[in-house]
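**Student:** predicted model, plus sequence, below.
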Amino acid sequence: MIRSNAPKIFPANRLLYERFLIFAAVFMIIGAGSISVDAAEHWKTAGKLFGKPDKSDPSDIKKGKKAEDVSGIACASDVEFPRICLVADDESQGAQIVILRDGNLVAGRFIRLLDAAYEGKPLELDAEGVAYADGAFYVIGSHGRPRHETGAEAKNAAKAEATRHLFRIRFDRNAVDLKTGRLEGEPEIAGTSALSGIIAAIPALAPFHDKALEDGGLTIEGVAVRDGRLHAGLRGPVLKDGSAAIVSVPLAGLFEDKPGTGTLATVALGPDSRGQPRGVRDLVAMPDGFLILAGPMLDPDDGAVAKGDYTVFSWSGAGVPKKRLDLASYGHKVKPEALVPLDRRDDGVRALVFFDGPDEGAPRPVEVPLR
């Protein structure tokens, strides 16, 4: 006699059991499908991208949290892979060397740029953009007030001051191990806080200089460098006519103590799906102009992200920008924050988008048409 260990199903509950088996099978198929799709679209990072430092020991970067707010990236070359890049997380106190390969990334050396603290607790640089030009990387703080001000005014002022920095980082690219991202020797770092005063002197932006973002205050989220000038893209304020602001400043007026004034350009980026104004969320220098990643100046309270809330534009540096690609919705509170070109195509550019929200930016490639 053959004995079976399978459970006995009586007629009264056979239907429920069969429905359970069908539900379980469907759940497994859907789950497996979503994992495989995500794995195909989502570039992985070997090692650890660092985010918020450990409060008890901010000097030990290895104790810091994994990055969840990747906000900027730039690479030293756009010709071939692997590429040496620098990535910023807006909760960290620096930036990190990353080796970008065609399909994955390697997290390398973390470069500390700020050691500011208030009552013993580390303050964020709130780095929101990274650029590269002429042998140097540039990392820019948001230059903004805390979004949700609580507690003593002295603390809020210290937080704001920590964000009002621009750093230039130079290192020998031949000193970077392309397998691990390790850097032999120390980078050359120069910092300046001159940009804050230059922007505050622009009449159209002066009223917003020291206000929180939710009050329409000034917040930088994109940076690009071309032809000896730094271009800062503002998430806020969006001006009365609905246009976003981009400020251009000579680099010599920032790092060489030469007199410099800012030039204001305005770009019409349109509203998001809720009719709310959009600002600059990232800015990328291209041979013939710029790419602008546009997104809501204020995130909705419910964290929803609809298709087209974030859009990629091309801009010559003057005139009206051209809409090129409405980005899809990648999930609740998954906000596109950084853009880096991968390679040019006949009719456009393949680019990698990093997000605020998921671990280590969850980068995904997109095709941006330019014709």
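**Tutor:** It's in. For clarity, every value in this text was computed on a predicted model and none was experimentally measured.
**Student:** tell me which residues in stretch 110-121 are buried?
**Tutor:** For stretch 110-121, the neighbour count (16 or more other CB atoms under 10 Å) marks F110, I111, L113, L114, Y118 as buried. Placement of C-beta: from N, CA and C, glycine included.
**Student:** same question for stretch 118-135.
**Tutor:** Neighbour-count burial for stretch 118-135 [16+ other CB under 10 Å]: 118, 122-133.
**Student:** if I look at P53, how far off is D126?
**Tutor:** In this structure, P53 and D126 are 13 Å apart, going by CB to CB, to the nearest Å.
**Student:** typo on my end, V87
**Tutor:** Spatial separation of V87 from D126 under the definition CB to CB is 15 Å.
**Student:** now N104
**Tutor:** Here the distance between N104 and D126 works out to 28 Å (CB to CB).
**Student:** same thing with D347?
**Tutor:** As defined by CB to CB, D347 lies at a distance of 37 Å from D126.
**Student:** repeat that for A136.
**Tutor:** According to CB to CB, A136 stands 21 Å off from D126.
**Student:** which residues are in contact with the closest residue to E186 other than its chain neighbours?
**Tutor:** Leaving out its chain neighbours, the residue that sits closest to E186 by CB to CB, 6 or more residues apart in numbering is F171, at 7.9 Å. Taking CB atoms under 8 Å, 6 or more residues apart in numbering as the criterion, F171 is in contact with L183, G185, E186, P187, E188.
**Student:** go with 10 Å
**Tutor:** Contact analysis of F171 by CB atoms under 10 Å, 6 or more residues apart in numbering lists 76, 84, 86, 97, 109, 111, 135-137, 183-189.
**Student:** then R164?
**Tutor:** Residues counted as contacts of R164 (CB under 10 Å, 6+ apart) are 125-126, 140-144, 192-197, 199, 220.
**Student:** can you tell me which of these are in helices?
**Tutor:** Judged by DSSP state H, the subset of the contacts of R164 located in helices is A194, L195, S196, G197, I199.
**Student:** was I right to think the fourth one contacts H209?
**Tutor:** By that I understand G197. Yes - here G197 lies in contact with H209, judged by CB atoms under 10 Å, at a distance of 9.3 Å.
**Student:** burial check on V106, number of neighbours?
**Tutor:** Using other CB atoms under 10 Å, V106 has 20 neighbouring residues.
**Student:** skipping adjacent residues, who's closest to it in space?
**Tutor:** I99 (4.1 Å).
**Student:** following the one helix or strand that neighbour maps to, which helix or strand shows up next?
**Tutor:** Secondary-structure element containing I99, defined by DSSP states H and E: strand 94-101. Elements were assigned by DSSP H and E; along the chain past strand 94-101, the next helix or strand is strand 104-112.
**Student:** relative to strand 94-101, how tilted is that following strand?
**Tutor:** Relative orientation of strand 104-112 versus strand 94-101 (axes from the mean of the first three to the mean of the last three CA atoms, to 10 degrees): 160 degrees.
**Student:** for D115, give its distance to G191.
**Tutor:** Taking CB to CB as the criterion, D115 is separated from G191 by 12 Å.
**Student:** what are the boundaries of the helices in the stretch 101-250 of the chain?
**Tutor:** Counting by DSSP state H, counting those that start in this stretch, the stretch 101-250 of the chain forms helices over residues 153-163, 194-200, given from the N-terminal end onward.
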